[in-house]
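J.: What would the 3D arrangement of this be:
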Amino acid sequence: MTRAVRFHQHGGPEVLRIETVDVAPPVRGEVQIRVRALGLNRAEALLRRGTYIETATFPSGLGLEAAGIVEAVGMDVAGLVPGDTVSIVPPLSMVLWPAYAELATFPAELVVKHPPELGFEMAAAVWMQYLTAYGALVDIAGLLRGDVVVITAASSSVGLAAIQIANRIGAIPIAMTRTSAKRRALRDAGAAHVVASDEEDIRARLDEIAGSSGVRVVLDAVGGSTFEPLTAAMSPGGTLIEYGGLSPDPTPFPLFNVLSKSLTLRGYLVHEIIRDPARLAKAKAFIIEGLSDGTLKPIIARTFKFEDIVEAHRFLESNNQFGKIVVTI
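T.: Take a look at the predicted model:
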């Protein structure tokens, strides 16, 4: 038996319940961990509300990131033994492999021995944000030293990870956020420049920063009306990678910017990295090296107890966080 967070209907944070459920031992190729910390993601709120790319089967578990200690291993699992300290690469299905539990089971290939200097809270905040940012900036866009990259929703965990990855490569990260309230925090987090989209002329400000070379890469989680000024400020042959849709407004296609500059606009989900063993291996090596040398360091916005999961989800949906929300068990 284990305590797990489940929900029996779609809705707000109040539908989440902590229940005692049966837990099976790991089967062939699986690893069961005793969870010590969880990393929260917006995808979990979307699943709970019924607006995610995956469909819940009630009663449904949820959760994509965890860190803890290996409790048991199934047959044909090599390199992991009970007692190992590990963290979890997000599974392709959180309905099949939910993380919000005291005991959770995952495919062995998603279980990582992270650098020992990371505690459980930091380790639970690693994989979704850095894999998402790495896949977009490095694997797809081929970000290079000196490239100018705009990162929207920059105070999110993925946005902050993207800033760190850009700095590690030697690119120039421009953080875009709605207001000036987080300007100082974003500069302290490594942004070379900060643009407040609700307060400044986006096109003019980006032209001022990037100069004649323009913005080569945009990592966007927002969509909406900012598409036009973002693409207008991009360099010929530039790449815009869309990984979210936070704006409630329609997203007009910037036809003439795309045509005149031969831009690439590309949709992206981190799943394409996770399901490709070769690409995932390169991503893991880059991230672990960055964690070890200190160029990558998760920023935790706030920590909650497992028993306060409803409050943690309320904070997740408040959009007031700067960095990752973590829940400890």
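
J.: Enumerate the positions of stretch 227-242 that are buried.
T.: Residues of stretch 227-242 classed as buried under the neighbour-count rule (16 or more other C-beta atoms under 10 Å) are 227-235, 238-242. Placement of C-beta: from N, CA and C, glycine included.

J.: what does stretch 34-47 give?
T.: Neighbour-count burial for stretch 34-47, counted by 16+ other C-beta under 10 Å, picks out 34-45, 47.

J.: Just the ones in helices from the residues you listed, please.
T.: Judged by DSSP state H, helices contain the following of the buried residues of stretch 34-47: 42-45, 47.

J.: what does the domain assignment say about this protein?
T.: Following the assignment in automatic domain parsing, the chain carries domains at 2-126+298-328, 128-269.

J.: First-to-last residue distance for the first one?
T.: In other words, domain 2-126+298-328. Between the start and the finish of domain 2-126+298-328 there is a gap of 15 Å, counting by C-alpha to C-alpha, to the nearest Å.

J.: which helices and strands does the helix or strand containing Gln129 pack with?
T.: When secondary structure is defined by DSSP states H and E, Gln129 falls within helix 127-134. In this structure, helix 127-134 packs against helix 157-169, helix 271-274, helix 277-293, with contacts taken as 3 or more C-beta pairs under 8 Å, 6 or more residues apart in numbering; DSSP states H and E.

J.: rewinding a little: the domains of the chain: which one's closest to Pro277?
T.: Using C-beta to C-beta as the measure, domain 2-126+298-328 is the one of those that comes nearest Pro277, at 7.5 Å.

J.: And the pLDDT at the residue nearest the centre of the chain?
T.: Within the chain, the residue whose C-alpha comes closest to the C-alpha centroid is Gln129; the distance, by C-alpha atoms, centre = their mean, is 2.9 Å. The score at Gln129 is 95. That number is its pLDDT.

J.: so what's it up against?
T.: Residues touching Gln129, when contacts are defined by C-beta atoms under 8 Å, 6 or more residues apart in numbering, comprise 157-158, 160-161, 298, 324.

J.: Glu117: how many residues sit nearby?
T.: For Glu117, the number of neighbouring residues by other C-beta atoms under 10 Å comes to 10.

J.: Which residue ranges of the stretch 1-150 of the chain form helices?
T.: Using DSSP state H, counting those that start in this stretch, the helices found in the stretch 1-150 of the chain span residues 42-49, 120-123, 127-134.

J.: Make CSV out of the ones you listed and add distance to Asn320.
T.: As requested, those are arranged in CSV below (distance: least, C-beta to C-beta, whole Å):
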stretch, distance to Asn320
helix 42-49, 13
helix 120-123, 19
helix 127-134, 18
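
J.: of all those helices, which lies closest to Ser260?
T.: Among those, if distance is taken as C-beta to C-beta, the winner is helix 127-134, at 28.6 Å.

J.: before we move on, back to that, need the domains of the chain in a markdown table with distance to Lys284, can you?
T.: Formatted as a markdown table, those follow (distance: least, C-beta to C-beta, whole Å):
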| stretch | distance to Lys284 |
| --- | --- |
| domain 2-126+298-328 | 7 |
| domain 128-269 | 8 |
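
J.: and Ile287, which of these is closest to it?
T.: With C-beta to C-beta, the closest approach to Ile287 among the domains of the chain belongs to domain 128-269: 4.6 Å.

J.: mind checking the end-to-end distance for that closest one?
T.: Note: domain 128-269 ends 11 Å apart using C-alpha to C-alpha.

J.: wait, what's in contact with the nearest residue to Ile88 once chain neighbours are set aside?
T.: Leaving out its chain neighbours, the residue that sits closest to Ile88 by C-beta to C-beta, 6 or more residues apart in numbering is Ala66, at 4.8 Å. Shown in contact with Ala66 (C-beta under 8 Å, 6+ apart): 33, 35, 37-39, 87-88, 99, 104, 124.

J.: mind listing what the closest residue to Val270 other than its chain neighbours touches?
T.: Counting by C-beta to C-beta, 6+ apart, Val270 lies nearest to Thr132, which is 4.5 Å off, once chain neighbours are set aside. Taking C-beta under 8 Å, 6+ apart as the criterion, Thr132 is in contact with 158, 161, 243, 270.
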